[in-house]
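Participant: quick check, what structure comes out for this input:
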Amino acid sequence: MYDVIVIGAGIIGISSALKLQQEGKRVLVLDSKGVAAETSAGNAGAFAFADVIPLATPGIMRKAPKWLLDPLGPLSIRPAYAFKIIPWMLHFWRASWKDRYAAALKAQADLMELSKAALERQIQGVSGEHLIRREGQLQLYEGEAEFKAALPSWQIRKSHGVQFELLESPEAIANIQPGIDPRFTHAGFTPEWKNVVHPKTWTEHLADHFCRLGGAIQIAQVMTVKHRDHDVVVSTQEHSYEVGHVVLAAGAWSKSLAQQIGDSIPLDTERGYNTTLPAGAFDLKTHITFSNHGFVVTKAGDGVRVGGAVELGGLELPPNYQRSKVLLDKAAKFLPGLNTENGVQWMGFRPSMPDSLPVISYASQSTRIVYAFGHGHLGLTQSAGTAELVAELINEKAPSIPIEAYRAQRFK
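Facilitator: Numbering: from 1, shown residues only. Below is the predicted model:
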């Protein structure tokens, strides 16, 4: 009955299912909770095509101890998870070496360029322009020294075609976004930056379009995936399906199924925290990034969402919502007019690979199984481009960009 089963109904899974459907495949999506029920509902809603620089940059391990010792800092490891994260951190350290970093930067930029063009195709294909905000992004710096330290990163962006304007006074910043504390004296403005009206609404819009054209989405927990010579058998607690191809796009929950299929992948989670404030909390004109504090302020529906930071803590430990509070308190200092009352806290699991690159490839033991996970905080950003690559792999076409850097087996 179905040609392809997509495991996962987040933004990567739904985008992949929709693209495969557009190419004539009969597609079933399986998810344990439903459409955008996890990370795809609570993210910042940004298409961050300017963020081409991987987290594992040369010299980052010299900064890491300072960050990691601050339990509420922009990058931290939960003590109860410290031993388990060691293998991931070793891969992260190796990825920061100059040789690996250069390759990762090129691969990230390639995927960003593809995804930027693919998004416009996706928006047009689902009549989704009314759900897109084209309002740019401000990346803010406290003082000239901090700004100058960031200039090499802007040169890297420039070399990869990112359009931006550098601002060197609070007055210039206020022309774009009034109400920012004058301690932020410099900024970079990326005018082509885009956001969705709300990440959950956007994913649901894609899913509705998929279903209207005959696609199926079922809430079911996938228990096993077994590949055979001529098909793949996917079993849930209630049903067993025999299909030609499977796409594993279950985000942070992909690791155990990949192991079952035969691939040990160093996938872990960046636990992200945010608080969504109601309408009227702040007159936000553009997406704001406080780079050196590890968080953003952005629109979410009619409200304002304050969130970010990275906590490495796996899937099982309870949330530490003190992290949300710290971010909100900082935002109140940086945006003096921000009303922080009646906010809703959230924590989600970003599926993270040590080199900041996703896994987009065949499984090692079968070309009938395609992996599409591990996008970290760039899942929404890279969703449309990933979907096009997934469809090319399923259809055995030459990929639009080199995909060696996204192979599941690259850490062996």
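Participant: what segments of the stretch 251-400 of the chain are strands?
Facilitator: Taking DSSP state E, counting those that start in this stretch as the criterion, the stretch 251-400 of the chain carries its strands at 268-277, 287-290, 295-300, 303-312, 344-352, 359-363, 366-373.
Participant: lowest-confidence stretch among those?
Facilitator: Of all those, mean pLDDT reaches its minimum on strand 303-312 (a mean of 90).
Participant: could you dump the strands of the stretch 251-400 of the chain to CSV with distance to residue 141 and mean neighbour count?
Facilitator: Quick note: C-beta positions are derived from backbone N, CA and C, even for glycine. Converted to CSV, those look like this (distance: least, Cβ to Cβ, whole Å; neighbours: other Cβ atoms under 10 Å):
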stretch, distance to residue 141, mean neighbour count
strand 268-277, 22, 24
strand 287-290, 9, 25
strand 295-300, 14, 26
strand 303-312, 16, 24
strand 344-352, 25, 20
strand 359-363, 33, 24
strand 366-373, 33, 24
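Participant: kindly reformat these as CSV containing distance to residue 156.
Facilitator: Output for the strands of the stretch 251-400 of the chain, formatted as CSV (distance: least, Cβ to Cβ, whole Å):
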stretch, distance to residue 156
strand 268-277, 22
strand 287-290, 16
strand 295-300, 20
strand 303-312, 21
strand 344-352, 21
strand 359-363, 23
strand 366-373, 26
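Participant: what residues sit buried inside the strand or helix carrying residue 91?
Facilitator: In this structure, residue 91 sits in helix 86-95 according to DSSP states H and E. Across helix 86-95, burial judged by 16 or more other Cβ atoms under 10 Å covers 88-89, 91-92, 95.
Participant: how far does that helix sit from the chain's center?
Facilitator: 20 Å (Cα atoms, centre = their mean, to the nearest Å).
Participant: now that helix: average pLDDT?
Facilitator: 91.
Participant: now it - C-alpha only, CSV.
Facilitator: Extracted in CSV, the C-alpha atoms of helix 86-95 (Å, rounded to 0.1, in the frame of the first residue of the first chain):
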residue,chain,number,x,y,z
ILE,A,86,32.6,11.7,27.2
PRO,A,87,32.6,9.8,23.9
TRP,A,88,30.6,12.6,22.3
MET,A,89,32.9,15.2,23.7
LEU,A,90,36.0,13.4,22.3
HIS,A,91,34.4,13.5,18.8
PHE,A,92,33.5,17.1,19.4
TRP,A,93,37.2,17.9,20.3
ARG,A,94,38.4,16.1,17.2
ALA,A,95,35.9,18.0,15.0
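Participant: need the next SSE after that helix, C-terminal direction.
Facilitator: With DSSP H and E, the next secondary element past helix 86-95 is helix 98-125.
Participant: please report how far residue 32 lies from residue 219.
Facilitator: For residue 32, the distance to residue 219 equals 7 Å [Cβ to Cβ, to the nearest Å].
Participant: likewise residue 22?
Facilitator: Going from residue 22 to residue 219 by Cβ to Cβ gives 24 Å.
Participant: neighbour-wise, which of these two wins?
Facilitator: A count of neighbours by other Cβ atoms under 10 Å puts residue 22 above the other of residue 22 and residue 219, at 18 against 14.
Participant: how many neighbours does the nearest residue to that one once chain neighbours are set aside have?
Facilitator: Nearest residue to residue 22 in three dimensions, chain neighbours excluded: residue 125, at 6.8 Å (Cβ to Cβ, 6 or more residues apart in numbering). By the criterion of other Cβ under 10 Å, residue 125 has 14 neighbours.
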